[in-house]
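J.: Sequence plus predicted model, see below.
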Amino acid sequence: MTERHPRWVYGEGDEPDPRFTLANERTFLAWVRTALAMLAGGVALHALGLPETEWVRSTLAVLLVVFGGLVTVMALVRWARVERAMRTHQPLPHFRLGYLLTIAVVIGAAVLAVAFV
């Protein structure tokens, strides 16, 4: 059998039910899709010149791009931690990624609210 990477994930425990592994992969891909939407939103704000206030547009565009990158990295880390927990029969890790996304949306909404007042 070919060695699978990352070893710190696949080198531990037993092979879980494939349905759980595939569900974990689908969740990872959903988070990547969310991150891509954030990146696209940041590019769109910058390209379309919306909102008209330069500092608001720049702030939102940068925040969306930065949070999109962070969500991608955190999605990979979460995928690996969940896969390892399933393989070693441990409790699933905390859901920090949802907190990050919530914070990003709240900050973005607050900046937009200030811009439109």
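T.: Alright, I've got the coordinates. Numbering: from 1, shown residues only.

J.: how about low-confidence regions in this protein?
T.: 1 (pLDDT under 70).

J.: quick one: residue 104 and residue 46, what's the gap?
T.: As for residue 104, its distance to residue 46 is 17 Å (criterion: Cβ to Cβ, to the nearest Å). Using the backbone N, CA and C atoms, a C-beta is placed for each residue, glycine as well.

J.: Show me what counts as buried in the helix ranked longest in the chain.
T.: Ranked by residue count under DSSP state H, the longest helix found in the chain is helix 54-88. Of the residues in helix 54-88, 56-57, 59-61, 63-65, 67-68, 70-72, 74-75, 78-87 count as buried by neighbour count, 16 or more other Cβ atoms under 10 Å.

J.: Packing partners of that helix?
T.: Counting contacts by 3 or more Cβ pairs under 8 Å, 6 or more residues apart in numbering; DSSP states H and E, helix 54-88 is packed against helix 7-10, helix 18-48, helix 96-115.

J.: give the contact list for the residue nearest the centre of the chain.
T.: Closest to where the C-alpha atoms of the chain average out (Cα atoms, centre = their mean) is residue 71, at 2.5 Å. If you count contacts by Cβ atoms under 8 Å, 6 or more residues apart in numbering, residue 71 has them with 31, 34, 35, 38, 97, 100, 101, 104.

J.: Most neighbours among the residues you listed, please name it.
T.: residue 38 (24 neighbours; other Cβ atoms under 10 Å).

J.: which residues touch the nearest residue to that residue once chain neighbours are set aside?
T.: Spatial nearest neighbour of residue 38, excluding adjacent residues (Cβ to Cβ, 6 or more residues apart in numbering): residue 68 at 3.5 Å. Residue 68 is in contact with 35, 36, 37, 38, 39, 42, counting by Cβ under 8 Å, 6+ apart.
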